[in-house]
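Asker: Here is a sequence together with a model predicted from it:
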Amino acid sequence: MDYGMYIGGEWTPSASARRMEIICPADGAVVAVVPEADREDVQLAVAAARAAFDADDWSSHLQAPFRAKLLRQVAGALREDVDRLAELESLSSGKPIMETSVIDIHLAADCFEYYADLAAHIGGRQVPLAQQALDFTLREPIGVIGMIVPFNFPLLLAAFKVAPALAAGNTVVLKPSEYTPITALELAKVCERLGMSAGVFNVVTGYGRSVGEALVTHDAVDKISFTGSAETGRRIMELGAGTLKKITLELGGKGPNIVFADCDLAQAVSGALTGAFMNQGEVCIAGTRILVERAIWDDFMTAFLERTAKLKIGHPLSWDTNVGALISGKQLEKVEYFVKQGIEQGGRVLCGGKRPDSPEAAGGFFYEPTVFVDVSPDADVCQEEIFGPVVVMLPFEGEEEAVALANRSRYGLAGGVWTTDIKKGLRTARRLKLGTVWVNNYNLLRVEAPFGGYRQSGMGRELGVEALLDYTQVKNVYVELEDEILYLYE
């Protein structure tokens, strides 16, 4: 497949005419070829988005019903094409087809439907004043939004940003990951087919050091919304400071998953497996620190290891696959580095800890699900986001130690609590310094509920009403009602 970029309603090559091959990480096959953009292409995309915003035929509050109708049509188009989009997503990202087909594409459609329902209900409030005056607020779109999304949920994380931004009346320049741009371009095809005004939604494909930095530093981009690593998030804040951009950052995590002795053991094991190994552990909310109360340590470990051993590593298009390929050789090397560090720092590997030796995995970036024990809570493998199928198991005694261990991290994105005592579950959830806490579940995101991090896991929120408000700015309007007014200068 051969794609162009989508800029100003046109499909175009890059100014340099350079191209990038999109490789399947499971077998090295070329999935697609896309343009490799640079700063000049970003200039064109931002100019198109700015012109579309300033024209006011998209951004005006009077157009909210039209925006809502179009977003619903986008959702319908995604649902009608689930099988093909899921296959493209799996081929480029390496994640299992059962995840992309059953979860990712449908949840992306849910996102567009949800914000379509909210688009016509973005309002301000009346402000009561003591004097004879009418004061009220308006919520208006911010302007041109630059969006940078990672490789692990390519279409879904784009939808998390694009849907609320468009619903609020903004225009968008989207930079997908250089590894997984295909479904972002497919989304552009949907928008074009449905008649979205030229320049409202633009997709520029390329590398962070060129396209990403050009977006962040562009003085006509009013806000940056980024999902990715904490390191890159800090860089974006530094670059964005030059133009005082509004910034939303959804960054990394090192999710604690607390298993109390009074849990439903079978449910907790299933939830911990999902939290740890979904999408090969390439998930910012992954529950990679599993904290188990000592009273059930042996039973939990036995069940967890038995289930881990049964996980099938394989090609992402196989419906039998539980663990697909990591995104790249570089990411595979990163996982191997942290496993080596974990062993050197005193940890013991109970399963995994190496590349699989099966013939079907020989041509791709696969790594076995890996379980560490005897690890210090301060070891690198317990503190750093690995972004691979590696978990550490930590024992604890009672609520106090569980909370202390869980909060022993610079991150604060998400975590879980497993208990049949709802009072204990709520007590623990309140004490965890996390943006999301699941009780008796893990990895469940709903478009209606806000998502984002504490500490170094970011700022701002995706999803929910909160995300929609993050794509608006507040204007205050004061209307004088007095006939006789005392002015300072008359």
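Answerer: Happy to help now that I have it. A quick note: this is a predicted structure, and the numbers were derived from the prediction, not measured. Numbering: from 1, shown residues only.

Asker: Number of residues surrounding residue 399?
Answerer: 17 (other CB atoms under 10 Å). For the C-beta atoms, the positions are set from N, CA and C on the backbone; glycine is no exception.

Asker: same question, residue 356
Answerer: By the measure other CB under 10 Å, the count of residues near residue 356 is 17.

Asker: The residue nearest to residue 93 when sequence neighbours are not counted: what secondary structure?
Answerer: Using CB to CB, 6 or more residues apart in numbering and skipping residues adjacent in sequence, the residue nearest residue 93 is residue 180, 5.1 Å away. Three-state call for residue 180 (DSSP: H, G, I helix; E, B strand; the rest coil): coil.

Asker: I'd like to know how far residue 180 sits from residue 38.
Answerer: Residue 180 sits 20 Å away from residue 38, going by CB to CB, to the nearest Å.

Asker: circling back: contacting residues for the residue nearest to residue 93?
Answerer: By CB atoms under 8 Å, 6 or more residues apart in numbering, the contact list for residue 180 reads 22, 89, 92, 93, 151, 154, 327.

Asker: Could you double-check that the fifth one sits in contact with residue 327?
Answerer: Yes - the pair residue 151 / residue 327 is scored as a contact, 5.1 Å apart, by CB atoms under 8 Å.

Asker: shared neighbours of those two, which are they?
Answerer: 93, 179, 180, 282.

Asker: Now for those residues, which sits with the most neighbours around it?
Answerer: Sorting these by how many neighbours each has (other CB under 10 Å) puts residue 93 first, at 34 neighbours.

Asker: who are the neighbours in contact with that one?
Answerer: Taking CB under 8 Å, 6+ apart, we find residue 93 in contact with 25, 100, 151, 152, 154, 179, 180, 316, 324, 327.

Asker: Report the separation between the fourth one and residue 241.
Answerer: When distances are taken as CB to CB, residue 152 and residue 241 turn out to be 28 Å apart.

Asker: who has more neighbours, those two?
Answerer: Applying other CB under 10 Å to residue 152 and residue 241 shows that residue 152 carries more neighbours, namely 24 against 11.

Asker: Which of the three states applies to the closest residue to residue 255 other than its chain neighbours?
Answerer: Spatial nearest neighbour of residue 255, chain neighbours left out: residue 287 (4.4 Å); criterion: CB to CB, 6+ apart. Secondary structure for residue 287, judged by three-state DSSP, is coil.

Asker: What count of nearby residues applies to residue 287?
Answerer: 30.

Asker: So residue 151 and residue 327 - more neighbours on which side?
Answerer: Shown here are residue 151 and residue 327; by other CB under 10 Å, residue 327 has more neighbours (25 against 22).

Asker: how about the more buried one, what does it touch?
Answerer: The neighbours of residue 327, taking CB under 8 Å, 6+ apart as the test, are 25, 93, 94, 151, 152, 179, 180, 282, 365.

Asker: tell me which element the fourth one is part of?
Answerer: Here residue 151 is covered by no helix or strand, with elements defined by DSSP states H and E.

Asker: Just the contacts of residue 180: which are in helices?
Answerer: 89, 92, 93, 154 (DSSP state H).

Asker: Distance-wise, check the nearest residue to the first one once chain neighbours are set aside relative to residue 239.
Answerer: Pointing back at residue 89 there. Of all residues not flanking residue 89 in the chain, residue 100 sits nearest, at 4.2 Å (CB to CB, 6+ apart). Residue 100 is 32 Å from residue 239, where distance means CB to CB.

Asker: same thing with residue 159?
Answerer: 25 Å.

Asker: Residue 20 now?
Answerer: 23 Å.

Asker: which one of the ones in helices among the contacts of residue 180 is nearest residue 360?
Answerer: Proximity of the ones in helices among the contacts of residue 180 to residue 360 (CB to CB) peaks at residue 93, which lies at 18.0 Å.

Asker: So residue 353: helix, strand or coil?
Answerer: Assigned state for residue 353: coil (three-state reduction, three-state DSSP).

Asker: Can you tell me the closest non-neighbouring residue to it?
Answerer: Leaving aside its sequence neighbours, residue 353 is closest to residue 370 (5.0 Å, by CB to CB, 6+ apart).

Asker: Same question for residue 228.
Answerer: residue 150 (4.9 Å).

Asker: Ok, residue 184 next?
Answerer: Closest residue in space to residue 184, ignoring its immediate chain neighbours: residue 176 at 3.9 Å, by CB to CB, 6+ apart.

Asker: Surely the one you found and residue 154 touch.
Answerer: Yes - taking CB under 8 Å as the definition, residue 176 is a contact partner of residue 154 at 6.1 Å.

Asker: what's the overlap in contacts for the two?
Answerer: Listed as contacting both residue 176 and residue 154 by CB under 8 Å, 6+ apart are 183, 184.

Asker: show me the residues around the most centrally placed residue in the chain that make contact.
Answerer: Residue closest to the mean C-alpha point of the chain, counted by CA atoms, centre = their mean, is residue 157 at 4.5 Å. Counting by CB under 8 Å, 6+ apart, residue 157 makes contact with 149, 150, 227.

Asker: now, which of the contacts of residue 93 sits nearest residue 135?
Answerer: Ranked by distance to residue 135 (CB to CB), those are led by residue 154 at 44.3 Å.

Asker: tally of neighbours for the residue lying closest to residue 384 once chain neighbours are set aside?
Answerer: Among residues not flanking residue 384 along the chain, residue 338 sits closest, at 6.5 Å (CB to CB, 6+ apart). Counted with other CB under 10 Å, the neighbours of residue 338 add up to 20.

Asker: List the buried residues of the one helix or strand residue 338 maps to.
Answerer: With secondary structure defined by DSSP H and E, residue 338 is part of helix 329-344. Taking 16 or more other CB atoms under 10 Å as the basis for neighbour counts, the residues of helix 329-344 that come out buried are 331, 332, 334, 335, 336, 338, 339, 342.

Asker: other SSEs contacting it?
Answerer: Using 3 or more CB pairs under 8 Å, 6 or more residues apart in numbering; DSSP states H and E as the contact criterion, the elements in contact with helix 329-344 are strand 348-351, helix 380-383, strand 390-396.
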